[in-house]
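S.K.: no sequence for this one, just the structure:
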């Protein structure tokens, strides 16, 4: 099997679990938008945005650092013991502090008498942190099927609990006229979302019990170079979450009063959060690629043909991601009402193409990041992402008061675009890779122009579906003429067999 084919196989497994899992999770979107008003869903959107920042802090870049050091060691298990020991200590300290400060946090966020939700969020964060490196170990060892099965089991349990609390219990109580749940679990509203998530995340721990019971706890001087490698990644991860989540975390504070005459700030946040969910279709591809590509890049770094191989990986990703961007944007008006059950949520659909386009550039940036990861120049990656975060912050402050949640979407797109430009410029000087720049730009520009043309001319006309078919046909024809007919994957096979 060629190297590109092997990467595609691994990506398919990770991607299938992510796609199936996210599809199952997406079944909750119609439920949430049916059960919760936009203002209530805004609570979910905001708290999960804050959680994303803390997720980065709890793992502080040790997943990638573990890949880097364990893949070059004759004793990778010792590096797992070392990094997992570090994670356990910091999780207990930070998680304990947040747990016992939950009352103060709830009051500061304006969620008075919601301390229990903050405590559940802390437990979710702690469970996520404790299993982060065991999952990374599965990826390094190539155990993609076990990785995928555990992820799917977690998602299935989460969905089952949501259905139990939000559908089955209300149905049974409606028929019987009696309260079924004990008083401390009754009438929690959006709290059931977080309770379900907490129970599902704790479900991971028994399956990794052997990883903990056989752990040889160690904290020694080898940890310092690992932290030196990972801490820039922490900075980069924090900045990356800023790029993705800041608009949702700050929308309630930056949006002027009565910007949307028929929506409160929390309702606007709920609408934006629900529409933001559609960007997950691009995030899935990026996430699956990231899971498979990190160990792939490190394991092939010594191959003399690796620059050519990395170029072909990038080009294949651009073809797939731009095609996905185009198709999802064109069909959004057809499937969005199925997932967003109240008409109020559909008011924010115009932000989705911007968010999907941002996902394309985020994936390209992950491809480009190979140069500073393989040359141990992770500080460059940190500063690039920090600069992207600065762009995000500035544009959110500038655009949200003027454009509402569309401003947040444009800010995310612009940030990832700037990061790609900077990383490409610096990377080609320090670790040259012969990327197919002209072809890649053709695909990106063509998809962007087609989407703009569709929303400008075709979205509400009789030419809607002929325009969709015509644009997709032209795009696929171009892919065939420029790459498939010229042997993109055939040449990869020849390279990998030398």
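M.R.: Done, it's in. If you're wondering where the values come from, they're calculated on a predicted model, not measured in any experiment.
S.K.: per-residue pLDDT, the spatially closest residue to residue 167 that is not a sequence neighbour?
M.R.: The shortest distance from residue 167 to any non-neighbouring residue, by C-beta to C-beta, 6 or more residues apart in numbering, is to residue 31 (7.1 Å). C-beta coordinates here come from the backbone N, C-alpha and C atoms, glycine included. Note on residue 31: pLDDT of 89.
S.K.: Also residue 394?
M.R.: Per the predicted model, pLDDT is 95 at residue 394.
S.K.: separation between it and residue 415?
M.R.: To residue 415, residue 394 is 9 Å away according to C-beta to C-beta, to the nearest Å.
S.K.: Who has more neighbours out of the two?
M.R.: Per other C-beta atoms under 10 Å, whichever of residue 394 and residue 415 has more neighbours is residue 415, with 31 against 13.
S.K.: Report the next helix or strand after the helix or strand encompassing that one in sequence order.
M.R.: With elements taken from DSSP states H and E, the one containing residue 415 is helix 405-430. Going down the chain from helix 405-430, the next helix or strand is helix 437-453, by DSSP H and E.
S.K.: I'd like to know which elements the next helix or strand after that next one is packed against.
M.R.: Downstream of helix 437-453, the first helix or strand assigned by DSSP H and E is helix 464-479. If you count contacts as 3 or more C-beta pairs under 8 Å, 6 or more residues apart in numbering; DSSP states H and E, helix 464-479 packs onto helix 306-339, helix 437-453.
S.K.: which residues of this protein score low on pLDDT?
M.R.: The chain contains residues with pLDDT under 70 at 1-26, 288, 290-296, 298-303, 458-461, 487-498.
S.K.: Give the helix, strand or coil label for the residue most central in space within it.
M.R.: Residue closest to the average C-alpha location in the chain (C-alpha atoms, centre = their mean): residue 283, at 5.1 Å. Residue 283 carries the three-state label helix when classified by DSSP: H, G, I helix; E, B strand; the rest coil.
S.K.: thinking again about what came up before, pull the contacting residues for the residue nearest to residue 167.
M.R.: Residue 31 makes contact with 162-163, 166-167 under the criterion C-beta atoms under 8 Å, 6 or more residues apart in numbering.
S.K.: Return the closest of those residues with respect to residue 428.
M.R.: Lowest distance from residue 428 to the contacts of residue 31 (C-beta to C-beta) belongs to residue 162, with 46.8 Å.
S.K.: Residue 43: what's its closest spatial neighbour, skipping adjacent residues?
M.R.: residue 190 (5.2 Å).
S.K.: Please read the previous query as pertaining to residue 129.
M.R.: Using C-beta to C-beta, 6+ apart and skipping the chain neighbours, the partner closest in space to residue 129 is residue 58 (3.9 Å).
S.K.: Turn the helices and strands packed on helix 464-479 into a markdown table, including mean neighbour count.
M.R.: Conversion of the helices and strands packed on helix 464-479 to a markdown table gives the following (neighbours: other C-beta atoms under 10 Å):
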| stretch | mean neighbour count |
| --- | --- |
| helix 306-339 | 20 |
| helix 437-453 | 16 |
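S.K.: I'd like those as a markdown table, with distance to residue 411 appended.
M.R.: Formatted as a markdown table, these follow (distance: least, C-beta to C-beta, whole Å):
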| stretch | distance to residue 411 |
| --- | --- |
| helix 306-339 | 18 |
| helix 437-453 | 17 |
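S.K.: doesn't residue 125 make contact with the residue nearest to residue 129?
M.R.: Yes - with contact defined as C-beta atoms under 8 Å, residue 58 reaches residue 125; the gap is 5.5 Å.
S.K.: Give the residues shared as contacts by the two.
M.R.: Common contact partners of residue 58 and residue 125 (C-beta under 8 Å, 6+ apart): residue 95.
S.K.: re the thing from before, I'd like the distance between the residue nearest to residue 43 and residue 183.
M.R.: With C-beta to C-beta as the criterion, residue 190 and residue 183 are 18 Å apart.
S.K.: Repeat that for residue 464.
M.R.: Using C-beta to C-beta, residue 464 is found at 53 Å from residue 183.
S.K.: And residue 225, by the same measure?
M.R.: Taking C-beta to C-beta, one finds residue 225 at 53 Å from residue 183.
S.K.: Among the contacts of residue 31, which one lies nearest to residue 444?
M.R.: Nearest to residue 444 among these, with distances taken as C-beta to C-beta, is residue 162, at 37.3 Å.
S.K.: list the contacts for residue 476?
M.R.: So residue 476 contacts residue 323 (C-beta under 8 Å, 6+ apart).
S.K.: thinking again about what came up before, go through the helix holding residue 415 and flag the buried ones.
M.R.: Using 16 or more other C-beta atoms under 10 Å as the test for burial, helix 405-430 gives 405-420, 422-424, 426-427.
S.K.: do the same with stretch 86-106
M.R.: Quick answer for stretch 86-106 (16+ other C-beta under 10 Å): 86-88, 90-91, 94-95, 98-99, 102, 105-106.
S.K.: Output these as CSV; include the columns distance to residue 343 and secondary structure.
M.R.: Listed next are the buried residues of stretch 86-106 as CSV, based on distance: C-beta to C-beta, whole Å; DSSP: H, G, I helix; E, B strand; the rest coil:
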residue, distance to residue 343, secondary structure
86, 49, helix
87, 45, helix
88, 48, helix
90, 46, helix
91, 43, helix
94, 42, helix
95, 41, helix
98, 38, helix
99, 40, helix
102, 36, helix
105, 35, helix
106, 32, helix
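S.K.: Of those, which is the nearest to residue 442?
M.R.: residue 87 (44.0 Å).
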